[in-house]
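Novice: show me how the following folds:
(one chain, ligands or ions: 1)
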Amino acid sequence: MKDEELLKTAAALLPEWFRAHRRQLPWREHRTPYTALVAELMLQQTRVEAARERYVEFLRRFPTAEALARASEDEVLKAWEGLGYYSRAKNLQKAAKIIAEEGFPTTFEGVRALPGVGDYTAGAVCSIALGLKTPAVDGNVVRVLSRLLADGRQADDGLKKEYAERLVCVYPAEAGDFTEGLMELGALVCVPNGEPACPACPWREICRAHLAGRESDFPVRAEKKPRTVQELNVFVVKCGGAYALRRRGKGLLSGLWEFPNAPKEEGFPAWLSSARLIAQKQATHLFSHVEWRMTGYFLELSTPPEGELFLTAREIKERYALPSAFKPFTPWLE
Ligand code: ADE
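Specialist: As a prediction, this is how the structure comes out:
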C-alpha cells in the first residue's frame with residue numbers, strides 16, 4: 001500500500017475507535033470554542049492528569065471569554081499558579097479580550113492569529129470546536145504516524161509540518177474525533193517507551209512498524225540540546241512576621257512573584273549583611289531550556305530594609321502567584 005492510501009485507511013478507522021475508547025475528560029463535556037481554547041492552551045505543556053482539575057477550577061473562575069477579559073492579570077496568573085509557562089496565561093487573557101470584543105474567530109487563520117496560538121493549538125481548536133479539517137501534530141502524533149508509516153526519518157519540526165500537510169488530504173468528516181483520536185492513540189495505545197499496546201490498536205493490521213515487529217525503532221529521535229545551568233542564591237527573608245517578596249522583571253517568569261535572589265557569584269547582598277541565618281537548603285528546578293541550581297537561605301532581619309515589600313505567609317498563599325521553582329522554600333513561611 002502506498003503511503004497516502006495507508007493514511008486514508010487509517011484515518012477512516014479512527015473516529016469510531018475514538019468514540020468507543022475515549023477517556024472522559026472535563027474539556028470534552030459542554031465544549032464551546034472558548035473552553036476548547038482554554039483546554040488546548042493548558043494542555044500545551046501540562047499533562048492531562050495535572051490539567052484535569054485545574055481546567056475545571058479555571059473555568060469555574062472564568063466561565064466565559066468576557067469573564068477572563070475583565071479579570072486583572074494578577075488574578076489570572078494566580079489561577080495559573082504551578083502550571084508553569086505563564087506566558088500561556090497572559091496570552092489566553094489577551095485572546096479572551098479579542099474574543100470578547102470581536103467574537104470567536106471562525107477560520108483557521110483567525111484562530112491561529114490569537115496570542116499564544118501556534119499551528120498545533122489552532123489545528124486542535126478548529127477541528128475539535130469548529131469541525132474544520134485542520135490537523136494538530138505534536139510529538140505524540142509524530143510518534144504514532146512514524147510507526148504507522150515505518151518512517152525512519154528524524155522526528156523534528158520539519159517532519160511535524162510534513163505530517164500536518166499530508167493529514168489535511170485524509171481528514172474524515174468527523175474532524176474533531178479524528179484529531180482527538182490521534183491524541184488518544186498516542187496517550188493510551190501507541191505510548192512512547194516500553195511496550196505499546198498494539199493488540200488494542202485499531203491500526204494493528206495496517207501499521208508497518210507493528211507488522212515488522214519494529215515498534216521500538218520509531219520515531220527516530222532528534223538530539224536534544226542540554227539545558228543551561230544557572231546557580232542562584234534564594235533569600236527567604238523574615239521580618240516581624242512577614243516575608244520579602246518581589247515581582248519579577250522581563251524574561252523567564254516575568255510578572256510573577258519571587259523571593260529575592262541573585263546569581264550565586266554575587267554572594268549576599270548588602271541589605272542582608274545583618275541578617276540571622278535560620279536554615280539553608282539546596283533545590284533544583286528544571287525549565288525547558290534552563291536548570292536552576294538554588295541554595296535557599298532562610299534569614300531573619302530585625303529591622304525592615306528600605307524599598308522591600310513584606311507580606312504575610314497568608315497573603316502570599318492567597319493572592320500572589322509564586323512559581324513552582326520557589327516551592328521548595330515555602331515550608332519556611334510559617
Ligand atoms: N492534549 C492536547 N489536547 C488534548 C485533548 N483535547 N485531549 C487529550 N489530550 C490532549
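
Novice: residue 26 and residue 135, how far apart?
Specialist: 24 Å (C-beta to C-beta, to the nearest Å). C-beta here means a position set from N, CA and C on the backbone, and glycine is covered the same way.

Novice: neighbour count: those two, which is higher?
Specialist: residue 135 (25 against 16; other C-beta atoms under 10 Å).

Novice: give me the element that one is part of.
Specialist: Using DSSP states H and E, residue 135 maps to neither a helix nor a strand.

Novice: which residue packs closest to it, ignoring adjacent ones?
Specialist: residue 167 (3.9 Å; C-beta to C-beta, 6 or more residues apart in numbering).

Novice: ok, the one you found - contacts?
Specialist: 7, 11, 135, 137 (C-beta atoms under 8 Å, 6 or more residues apart in numbering).

Novice: surely it is within a strand?
Specialist: No - per DSSP: H, G, I helix; E, B strand; the rest coil, residue 167 lies outside any strand segment and is helix.

Novice: for the protein, which helix is longest?
Specialist: Counting residues, the longest helix found in the chain (DSSP state H) is helix 3-21.

Novice: ok, and what's touching it?
Specialist: For helix 3-21, using C-beta under 8 Å, 6+ apart, the contacting residues are 1, 145, 148-149, 166-167, 169-172, 174, 177-178, 180-182, 184-185, 188, 202-203, 206, 208.

Novice: repeat for stretch 137-154
Specialist: Contacts for stretch 137-154 (C-beta under 8 Å, 6+ apart): 3, 6-7, 10, 119-120, 123, 135, 155, 159-161, 163-164, 167, 182-183, 185-187, 190, 192, 196, 203, 206-210, 212, 214-215, 217-222.

Novice: go ahead and build a ChimeraX selection from the buried members of these.
Specialist: Filtering the contacts of stretch 137-154 down to the buried ones (16 or more other C-beta atoms under 10 Å) takes a single ChimeraX command:
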select :6,7,10,119,120,123,135,155,159,160,163,164,167,182,183,185,186,187,190,196,203,206,207,208,209,210,215,218,219
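
Novice: give the closest residue to the residue in the chain positioned nearest to the ligand in space, chain neighbours not counted.
Specialist: Residue of the chain nearest the ligand, by C-beta to the nearest ligand atom: residue 43 (3.6 Å). In space, and not counting its chain neighbours, residue 43 is closest to residue 51: 5.6 Å by C-beta to C-beta, 6+ apart.

Novice: who are the contact partners of that neighbour?
Specialist: Contacts of residue 51 (C-beta under 8 Å, 6+ apart): 39, 42-43, 83.

Novice: before we move on, which element is it in?
Specialist: Secondary structure (DSSP H and E) places residue 51 in helix 48-61.

Novice: same thing with residue 246?
Specialist: Here residue 246 is assigned to strand 242-247, by DSSP H and E.

Novice: can you list the strands that that strand pairs with?
Specialist: strand 228-239 (antiparallel), strand 257-258 (antiparallel), strand 309-311 (antiparallel) (DSSP bridges).

Novice: not counting its own residues, what contacts it?
Specialist: 235-237, 255-260, 308-313, 316, 320, 322, 333.

Novice: let's see 6 Å
Specialist: Identification of contacts with strand 242-247 by C-beta atoms under 6 Å, 6 or more residues apart in numbering yields 237, 257-258, 260, 308-312, 333.

Novice: circling back: can you put the contacts of residue 167 in JSON lines and add distance to the ligand?
Specialist: JSON lines is the format used below for the contacts of residue 167 (distance: C-beta to the nearest ligand atom, whole Å):
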{"residue": "7", "distance to the ligand": "21"}
{"residue": "11", "distance to the ligand": "18"}
{"residue": "135", "distance to the ligand": "13"}
{"residue": "137", "distance to the ligand": "11"}
